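[1] Can you look at this prediction? I've put the sequence above it.
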Amino acid sequence: MESQPSVSNRTGEGLSALGTALSLGVGAVFGFTFGQEVASHWYQLYRLDTMAAQVKFMECWERKSVGQS
């Protein structure tokens, strides 16, 4: 008796490669974004100078109100 040659399912291999590529791509985007956020907090880029912001606002407000008078 001869044995039947095995038939491989090639569509499963393609889906596996696609899934791997998608998961690596999404992981890279997430890692990059998360790394940028950590770096921004590490270098304190989110720190705001509230006094300077208030002074700028008041100067803008004065210019706007002088222009309307």
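    Arrived safely. Numbering: from 1, shown residues only.

[2] how deep is Ser40 tucked in, by neighbour count?
    For Ser40, the count of nearby residues is 11 (other C-beta atoms under 10 Å). For glycine as for every other residue, the C-beta is placed from the backbone atoms N, C-alpha and C.

[3] can you start the count at 40 instead of 1 from here on
    New numbering, starting at 40: the last item is Ser79.

[4] Tell me which other helices or strands the one helix or strand Ala67 maps to touches.
    Using DSSP states H and E, Ala67 sits in helix 49-81. Using 3 or more C-beta pairs under 8 Å, 6 or more residues apart in numbering; DSSP states H and E as the contact test, no helix or strand touches helix 49-81.

[5] how about the helix or strand following it: buried residues?
    Per DSSP H and E, the first helix or strand lying C-terminal to helix 49-81 is helix 89-107. Residues of helix 89-107 include none that count as buried (16 or more other C-beta atoms under 10 Å).

[6] Any stretches of this protein with poor pLDDT?
    Low-confidence segments of the chain (pLDDT under 70): 40-53, 85, 107-108.

[7] if we can go back for a sec, chain center to the helix holding Ala67, what's the gap?
    Remark: helix 49-81 is offset 11 Å from the chain centroid, using C-alpha atoms, centre = their mean, to the nearest Å.
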